[in-house]
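Peer 1: how would this look folded up:
(2 chains)
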Amino acid sequence: MARTVTVRLGFTGDTSDVKLVIPDEEPTPWQWGDKFSVVGRATPRVDGPLKATGSARYTYDIDLPAMLYGAILRSPYPHARVRAVDLSRARALPGVRAAIERGEPIVRFAGQEVAAVAAVSPAIANDAVALIKVDYEPLPFVTSMEEAQKPSAPRVFSDRSNVAAPSVTETGNVASALAQAAATHEAIYTTAVQTHVSLETHGAVARWEGDELTVWCSTQGIFTVRDDLAVLFNLPPDKVRVITAYLGGGFGSKFGAGPEVVIAAQLARAAGAPVKLMLPRSAEHLATGNRPSSLQHVKLGADRDGKLVAIELVEQGSGGIGGGAGSAGPFRTLYRCANVRTEERDIYVNAGPSSPMRAPGWPQGCFALELAMDELARKLKLDRLEFRRRNNGNPVRAREFDVGAKAFNWEEKSRAPRTAGTRRRGIGVAAAAWHAIGSAGPQAQAIAFRDGRVAIRIGTQDIGTGTRNILAMVAAEELGLSPSRVAAEIGDTRYLFSVPSGGSSTAPSNTPAVRQAAAHLREKLFLIAAPMLGAEPGDLEARDGMIRVRFEPARAASFVDVCRRIPADSLAAQGEHVPNYAGFRHDQAGCQFVEVEVDVETGIVAVLNVTAVHDAGRIVDPLTARSQVNGGVLMGIGYALFEERRLDPAIGVMVNPTMDDYKLAGPLDTPEINALFIEVANGVTNTGVLGLGEVVHVATAAAIACAVYDAIGAPVRSLPMTPDKVLAAIGRA
Amino acid sequence: MPGNGDDQRVHRLSRRAFIKGAGAAAAAARLIGAAVPLPAVEVADNSSPNPDGAIAERLGPGAVTIELKVNGAARKITVEPRVTVLEVLRDHLGLYGTKLVCDRGACGACTIHLDGHPVVACMMLAVDARGHEIVTIEGLGTPDRMHPVQAAFVQADALQCGFCTPGMVMSIAALLEDNPSPNIDEIKRAVAGNICRCGTYPHVFNAALAAAKSRGAKPKGGNA
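Peer 2: Next comes the predicted model:
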C-alpha cells in the first residue's frame, strides 16, 4: 500500500511543497526545514581510532594459518604470442606449493598476466616467478592513438579495427549555428592517461574449505566479486563469501574479481592452502586500470549577448585494450545550448586496460569545455564568470556561483595586480555536475540487543569516505541515540545485499535502507515500551537515549531499559531502498574557483587556494564531507599538473610504474581549500542524501587550466600542464 | 638530529636496492658500519677477516637469528639478510599497522621511529636495525589509549581510507617531539614524504596543529 505525503523541497530561496506517493513501509522523506539532533553535525568517524592506531585490518593485513604468498609473472612484451610456458623450474624450487599458467594464447600489453606461483614466503614466490620460462613470439604493436589509426598499424585485436565505432549525439543543427554565431572558438585539447594509484594495491586472500570459497578482497564491490567468482568457479553464490573490512582506496578500479583475485583463488585450490596475493606497486600501474587519454576537438559558438549557440565535441581517447574513453558528458550537460553535437571514439592501443576512475570522462571533458569557454569569453570580452552565469541552466549552480564568487573574492581578485617579479597570478572558475541519486536494491538490518547495543548490518563497503559513520549517524538519528552507540557492520556478503561503492552511489543507496530499517526497529521497540509507559505506541518518540511520550517528556524509559524487555536475545528489523521518488532534482551541481601562481622562468604552477561549492542533497557529516572535497581537489591538482602514464613507444612499456616517477600531489602541493555546501532537500529518497566522490573532482583540473590561462595569457591545452608545456605557452603569449 | 622534521631524514637510508643487487653477504660485509654505527653483535660462524685484518661481519645468504628492539620489547627472529625492517614487522612480528605501499621510500606509508627519528621501514634491512630502538604505530597508542597525535587525527578527520594514516601519524609525532609548536610550513615539510591518494592533507595539517596545542597544555611526555 502507498500513501501520499506533502513535503517541502528545494534549497535556500527556492522551496516548494511537493506531493510524493510513498510506500507504507517508508518513513516520510526528510524535508526542508527538518531539525536534526545527529545528522548535519560534524562527527569524527566511528572507525577513526582503528585507522589512526594502525588497528584497522585491511585485506593486505590478513594473515591465516599455513597461508601461502602468491606472485604473478607478467609479459614484458606489449604484444606477443605465448608459445609455451615452462613451470618446471619454478615448481622445483623448495617452498613453492603451486604454479599455474594463465592460459591466454596472446598477450596484448606489457604487464599482462602470464603465469603465477604460490610459495611459503613472498621472497620465494618472487624467486620462483623468475624461474618460469616463457617462449614468446613478439608481435608488432602500437602504443600511440595517432599510430593506431593508420591503415598500416598493427591490430590490437585481430578481429576488429583499432578504431571503434563512434558514439554520436546531436540536438539542433550545430553546423548552421556555428556559421551564424557572432563569435566562435575552435581548438584541440588533450589529456594524458592517469592511473588510480590506490595505496592498497589490488589483491586478495583466498581460502577454500571443501567447495566453499572465502575471499578477503580489496574491492569496492563485495557482491560483484562474489558473483564473478561464483560464475568462474561454477559455484552457487552462497558458496562464495567475500569480506572487505577496510579498503585502502579504489577510485573506480576495484569493482569485480580482477585477474589477481581469480589467480589467488586458483592458486589456493591448487596448493590446498590459503593464498595471499597482493600486487606490487608496478603491477598496480600497469594492469589494474586507468583513466583513458583524450584528444578533444572542440568548437563553440556564441551570439552577441554571450549566449552559447553551438557546442561541438569530436573526441577520441584510448583506454589501452579497454574502452570507455568518452568525455562528452560535460558538453551535453553543463551549459544550456540548443545545438550540441558530440562524437566519441575509442582507440585501442597495446597498453593496460582502462577502468572507471572518479567521474569517468568528466574531468577530461570539463577541462576541454571550460578552457574553451574561457577562450571564447576572451573573444567576447566578457567576464568569465558572467559568461558562465548567462549560460547556466541550473538554479542550484546559480546560487553556487554567487556563494563561491563572494567567498573567493572573484571581483576583487579579477582587479588585483597579477605580476610580482617572475611570478604571475591567475584565477579561474569551472562548473561541475554529477548525477548519482542512488539505486534501489540495498537492504539493511537494524538490530537492538538486550544490553542496549544497536547494530546496523548491510553488505556495503567503506572505500574511505566514512560509510560506517554516515550509516551509524542516520540510524542514530532515527533511534534517538548518539552515533557512538550504533555499530555499523559492513563489508561481508553474509550481510544483506548492497550495491558496489562507485559513482558516488554509496551514501544515496545505503542511507535510505538503513533509515527505513532503523525506523522499523523503533516501531518494534515502541511496542515494548508502550505498556511500560501506559501509552499507545503511536504516541511515543525516541530522543536523547530515551523512549518517551510525545509532549510529556517526563513519561519516559531509557532506551537501554526498553531493550532489557526484549523477549529473546535481540530484536531485528529490516529496511530497503525503494525506487527513487520524483523529488525536486535528480542531479547535483558544483563549481570550483582556483587561484594559481605561475613562475614564468621555470614554468612551475602552484595552486594557492581553492573555493569549492557543492551540493550533495543533505549533508550527513560535514566533517567527512569536507574530507571528500579535499580529496577531489587534491586528485584534480595531480591530474592538472603532474600525473601521466608514460609509455616508451619503441618498446611499448610504461617507464614510470612507481610512486616517484609517477608523481601525485603531496603535502607541499596542497592549497588552502575552502569547502562550502549548498543544502538541497531533494526528496528523491527518504534521506535525500547524495554522494560527493565524483562531483568534487570534476572541475578542479579545468579551473586550474583556466587560472593558468588567466595568469600567462595563453592557454595550455594539454594535461598535465608540466613546466615544458607552460613555458611553451608563455612563448606563444 | 638538528632541524625540525626535515624530510631528508625519511629518504636517508637508501642502500637497500644496492644491497639487494650486490648480494647480501658481500654487500653487508662492505657496508655495515659505514653509515650507522652498530653495537658489537655475536653471530656465530658469520665473521671473517677483511683485507685489513679486522673482523667484519658476514651475514647470509641463509637465514640468521637477530634481535630487534620493537616497541620496548626485545624480539628474536630468524630472517634472511635481504629482509627489510618492514617485512619483519609485518610478516614475522604480526605488526600490521605499518603499511607497504611503494616499496622504495617514495610514499612514507611505512614510516616508523628509529631511535626517535622517522625512517621508512621499506628501505632498511632488518640486520641494520639491530641495536636501535624501533617504535611502530602500535607502540604509539591503542584505540582505547590514543597518543595525542592519533586522537587529533580522529577529531580532525585526518584520515579517509586510512592506509597512509599510520605513516602520517608517525611523521607528525616525530615532528612534535623535535618541535613542540611547529608552524604550518614546518608541518608540511614534516609530512612532505607522506603521500595520501585520498588527498586528506589539509586535515592532517589541522590535526598536527591541534595535537601541538593539546600537548602544550600537558607536561612533556604525557600521553592522552
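
Peer 1: wait, what's in contact with the closest residue to chain B within the stretch 201-350 of chain A?
Peer 2: Per C-beta to the nearest C-beta, residue A:248 is where the stretch 201-350 of chain A lies closest to chain B, at 3.4 Å. C-betas here are computed from N, CA, C, even on glycine. Shown in contact with residue A:248 (C-beta atoms under 8 Å, 6 or more residues apart in numbering or on different chains): A:58, A:60, A:198-200, A:218, A:464, B:99, B:161-163.

Peer 1: run the last query once more with 7 Å
Peer 2: The contact partners of residue A:248, by C-beta atoms under 7 Å, 6 or more residues apart in numbering or on different chains, come to A:58, A:60, A:198-200, A:218, B:161, B:163.

Peer 1: farthest pair in the residues you listed?
Peer 2: Spatial extent of the contacts of residue A:248 (C-beta to C-beta) is set by the pair A:60 and B:161 at 11.7 Å.

Peer 1: between those two, who's got more neighbours?
Peer 2: residue B:161 (27 against 23; other C-beta atoms under 10 Å in any protein chain shown).

Peer 1: what strand or helix carries that one?
Peer 2: Using DSSP states H and E, residue B:161 maps to neither a helix nor a strand.

Peer 1: which residues does the residue most central in space within chain B form beta bridges with?
Peer 2: Centroid-nearest residue in chain B, with C-alpha atoms, centre = their mean: residue B:112, separated by 2.5 Å. Beta-bridge partners recorded for residue B:112 (DSSP bridges): residue B:119.

Peer 1: does residue A:144 touch residue A:647 like I think?
Peer 2: No: distance between residue A:144 and residue A:647: 8.1 Å, which falls outside the contact criterion (C-beta atoms under 7 Å).

Peer 1: these two: which has the busier surroundings?
Peer 2: Taking other C-beta under 10 Å, residue A:144 and residue A:647 do not tie; residue A:647 has more neighbours (23 against 16).

Peer 1: for chain B, see how far away residue A:199 is.
Peer 2: 4 Å (C-beta to the nearest C-beta, to the nearest Å).

Peer 1: so what's that residue up against?
Peer 2: Neighbours of residue A:199 in contact, by C-beta under 7 Å, 6+ apart: A:248-249, B:101, B:109, B:161, B:163-164, B:197.

Peer 1: on that earlier part again, please enumerate the shared neighbours of residue A:144 and residue A:647.
Peer 2: Counting by C-beta under 7 Å, 6+ apart, no residue touches both residue A:144 and residue A:647.

Peer 1: for the closest residue to chain A within chain B, grab the count of nearby residues.
Peer 2: For chain B and chain A, the shortest gap (C-beta to the nearest C-beta) falls at residue B:97, measuring 2.0 Å. A count of nearby residues for residue B:97, using other C-beta under 10 Å, gives 26.

Peer 1: over to it. Which of the three states is it?
Peer 2: Assigned by DSSP: H, G, I helix; E, B strand; the rest coil, the conformation of residue B:97 is coil.

Peer 1: how about the nearest residue to the residue in the stretch 601-733 of chain A positioned nearest to chain B, chain neighbours excluded?
Peer 2: Of all residues in the stretch 601-733 of chain A, residue A:634 sits closest to chain B, at 2.7 Å by C-beta to the nearest C-beta. Nearest non-adjacent residue to residue A:634, counting by C-beta to C-beta, 6 or more residues apart in numbering or on different chains: residue B:199, 2.7 Å away.
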